[in-house]
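Enquirer: Sequence plus the predicted model coming up.
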Amino acid sequence: MNARIRQPTVPWLVRVAAVVVALAVLVILPQQSTPYDNLQITLVAAWAVVIAGLNLLTGYAGQISLGQAAFFGIGAYTTAITALHGWPVVLSFALAFLLPATVGALVAIPAVRLRGHALAMITISLPLVAVPLAKRLDGLTGGSQGLTTPIGSAPTWSGLADDQWAYYVVLTVAAALLALAHVAVRGRTGRALSLIRTSEVAAVTTGIPVRRYKMVVFALASGYGGAGGFLYVYCVRFVSPESLDFLLGITLLCSLVVGGLRSSAGSVVAACFYVYVPNLVGDINPEKSSLIYGAVLLLVLLFAPAGIAGAARGLWRRRKLLARKLATSWPAPSTPTGYLAVAGSTETSQEENGGLTPTRSTASNPSSKTR
Amino acid sequence: MASAPGIDDKTILLGGSFPLSGALSANGQAALGGIKAFIDATNEAGGVRMSDGVIRRIEFKYYDDGYDPARVVQNFRKLVDQDQVFAYVGAFGTATNAAVMPLATRQEIPQVLLGTGASVFSADQKKNPWTIGWQPTYEQEGESFGKYLVSLNRTLKVGFLGQNDDLGDAYRNGLTEAIKGSRVSIVADVTYERTDTSLDSQISTLAGSHADVLFSAVAIPRLESAVLARMAQLGWAPMTYLPIMSNSATHVIKASGAVSFPEMFSGEFAKVPDNPIWAGDKAVQSYLADMKKYSPEADATIANAVWAYSAGDALVRALEGMKDLSRQDLMTSIHALDYDDAPMLLPDLAVNGSDSASPPIHELQVEKFIDNRWELIEDSEKN
């Protein structure tokens, strides 16, 4: 029964192999590539964490949030300010995670009573408050000129350039956080969240503490936003009110949908989309970049409504069907008539073949009609 | 002579980043259009004759940053690492340039002639020797009008209205500095938020202070219109200062729909192409012709285009003045700029790069709104 509920996915061997290859490439890459390429990959890792947080909340728990930019901003400013005051990096990171998580938990107290669009409306107000606040507290935040911060320099023993150092640190932390998020939504928690997402009433009747779950996920998602802010500042070394523009919250949600909801790989794909697509379309035509970006966004949603990761998973799941389609589109040299005859002869085998064989057998084997 | 990346025998490759999408895209487009128009016109006229006797064309590479600091950092890296530009020139924006400044300092890449009025880019050139702004700062704008008030030699009470952030602070600091120890004093100081939709209560408070002068440092043109409308409603008409970014005769003054106006002042350092007083001006005509020919997509009447165009001229002069072809030499050459015939700059102003705490243009002229147009105050008083 359990096996039937679980969606068929890519076999674990293929997954492990893919992850190992990807890791090997990622470890060697910064030695070969330019600081520009390293910065982009580092940014992808930072944004993947922010989006993974949003994925927990919106993807798994089904709570639409447009406020992730605010938590990202709290994390980013916390990092910049603590680094300027000479805090150890580990403490900066801890605070960049805990502070937004706490704020997230506080916001969640009223917010978990709301659902769907109401929650989206509440959360959109967060960046709307955060941006003027960041400008106004200019003693702390540097106002609209932002904060430049001395973080992310490579220690001399490492023998690495700054961009390489930031790359390794950010990617390692991001990988750990993504793995944690991946594990967090398996098993019992995952099932509870999925029930909350599909039917809160059913979740309540089965004894799931819905509000507590929602609050924890909201806090965790905010913490991830803040941690992503830390990683962002670690490689960009700058934060300003423009970094947490309220459009960012919407763009992040769009990217998540494009990447694929409820998928760890989807968060990474989403981050790639967020970082690379504007730059790529900027190369094509800098004046029309946002127009082309919008067109790409529409195309992805039209042709892959489950997101890029969802589409890839779907293709993998249907690979046998697709292979068969491809095979039948060619005139087969020798039709296995014996198989068709057997398939058409018993009821059970018809069912097992999902109703596909009877049609084919009737078409190619007229004898079954007269049975 | 070993030359830096981006320079060969035929071309000089320069780069910049502009918000070509998003809320500031019209300004970004204008700033890009301005500098591009001057560069293209220079190329068409042959190019830049440099000290080694070679004439080179300027190639200008640019990317859209959507006013996002993370994207501007990527663009800077791309321009420097991948495209191998010689220098980063004319880039628009305060936050976006602030994000790049530490990189420019560390990588020793000139980040010059920037389209921003923040003082931070020119204030500490020992700490950031590779960065310099272009236009006067907000402080210097506040200071210019403060000095004008002092020169009137009267006892004046000033009401100050500014944005509740570092931009408002910059205006306030400049004004306060200029009136220190004079008969001019600030009697009311009120702020607004960028998100405010009406400034009615602020204006009522200021009117209640019976100030003789209103320094209305409202950076959002729409809100400045609302200020003028409210003043007309209240019948309060002190001398009123409109800042350079909210002084458009069409978009601010006319758009307010007010039936009566106070005596209005503003500051300017460049010629405003759609101001009738410059209609016959040669510099304005060739500016408009260049903009139409090379940057038809940009709005030539947006001030950012004018400022960037004159920055393009400064760039060409600086390149011509270089002794060798190093990046350091470009900085030296910019700091040696000293001329008073910049295209589009107001007649009495000069470009001078030698001040190590100030951008090359560091003064404004006060102007007064007379007969539906801005007139420079020296001229109108001479008349």
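Expert: Nice, thanks for sending it over. Here the structure is a predicted model, which means the values were calculated and not measured. Numbers count the residues shown, from 1 in each chain, chains lettered A, B, ... in the order given.
Enquirer: Now find how far off-centre the longest helix belonging to chain A is within its chain.
Expert: When chain A is parsed with DSSP state H, its longest helix is helix A:210-236. Helix A:210-236 sits 13 Å away from the centroid of its parent chain (CA atoms, centre = their mean, to the nearest Å).
Enquirer: Just the mean pLDDT for it, thanks.
Expert: For helix A:210-236, mean pLDDT rounds to 95.
Enquirer: Now the element after that helix, going C-ward?
Expert: With elements assigned by DSSP states H and E, the helix or strand that comes after helix A:210-236 is strand A:238-239.
Enquirer: touching chain B at all, the longest helix of chain A?
Expert: Yes - Helix A:210-236 lies within reach of chain B by CB under 8 Å from any CB of the partner chain, at A:232, A:236. The way it works is simple: take the backbone N, C-alpha and C, and place the C-beta from them, glycine included.
Enquirer: for that helix, packing partners?
Expert: Counting contacts by 3 or more CB pairs under 8 Å, 6 or more residues apart in numbering or on different chains; DSSP states H and E, helix A:210-236 packs against helix A:35-54, helix A:68-84, helix A:89-111, helix A:162-184, helix A:187-198, helix A:200-205, strand A:238-239, helix B:69-77.
Enquirer: Just send the ones you listed back as TSV, with distance to B:G312 and mean neighbour count too.
Expert: Converted to TSV, the helices and strands packed on helix A:210-236 look like this (distance: least, CB to CB, whole Å; neighbours: other CB atoms under 10 Å in any protein chain shown):
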stretch	distance to B:G312	mean neighbour count
helix A:35-54	26	27
helix A:68-84	34	29
helix A:89-111	42	19
helix A:162-184	32	19
helix A:187-198	56	16
helix A:200-205	61	13
strand A:238-239	27	29
helix B:69-77	19	26
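Enquirer: Pick out the residue in the stretch 51-200 of chain A sitting closest to chain B.
Expert: Closest residue of the stretch 51-200 of chain A to chain B, CB to the nearest CB: A:G143 (3.3 Å).
Enquirer: tell me the contacts of A:A69?
Expert: A:126-127, A:130, A:225, A:244-246, A:248-249, A:252 (CB atoms under 8 Å, 6 or more residues apart in numbering or on different chains).
Enquirer: quick one: pLDDT of it?
Expert: Reported pLDDT at A:A69 in the predicted model: 94.
Enquirer: Next: the one 3 residues further on.
Expert: A:F72 carries a pLDDT value of 96.
Enquirer: among the contacts of A:A69, who's most crowded?
Expert: A:G225 (36 neighbours; other CB atoms under 10 Å in any protein chain shown).
Enquirer: Isn't that one up against A:S65?
Expert: No - if you go by CB atoms under 8 Å, A:G225 and A:S65 don't touch, sitting 9.4 Å apart.
Enquirer: Touching both of these two, which residues are there?
Expert: With CB under 8 Å, 6+ apart, A:G225 and A:S65 have common neighbours A:L54.
Enquirer: which residues of chain B fall in helices?
Expert: B:25-44, B:69-77, B:94-107, B:120-123, B:138-151, B:166-179, B:200-208, B:221-234, B:282-294, B:303-320, B:327-335, B:377-382.
Enquirer: what does stretch B:149-161 contact?
Expert: So stretch B:149-161 is contacted by B:171-172, B:175, B:178-179, B:182-192, B:199, B:202-203, B:206, B:209-218, B:227, B:238 (CB under 8 Å, 6+ apart).
Enquirer: residue ranges with poor pLDDT in the chain?
Expert: The chain I'm using is chain A. A:1-9, A:116, A:329-371 (pLDDT under 70).
Enquirer: You answered for a different chain; I wanted chain B.
Expert: Across chain B, the ranges flagged by pLDDT under 70 are B:1-3, B:379-383.
Enquirer: Could you check how far the residue nearest to the spatial centre of it is from chain A?
Expert: By CA atoms, centre = their mean, the mean C-alpha position of chain B lies nearest to B:Q135, the distance being 4.3 Å. B:Q135 sits 16 Å away from chain A, taking CB to the nearest CB, to the nearest Å as the criterion.
Enquirer: With distance to B:A314 added, can I get the helices and strands packed on helix A:210-236 in CSV?
Expert: Shown next, in CSV, are the helices and strands packed on helix A:210-236 (distance: least, CB to CB, whole Å):
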stretch, distance to B:A314
helix A:35-54, 28
helix A:68-84, 33
helix A:89-111, 41
helix A:162-184, 32
helix A:187-198, 59
helix A:200-205, 64
strand A:238-239, 27
helix B:69-77, 21
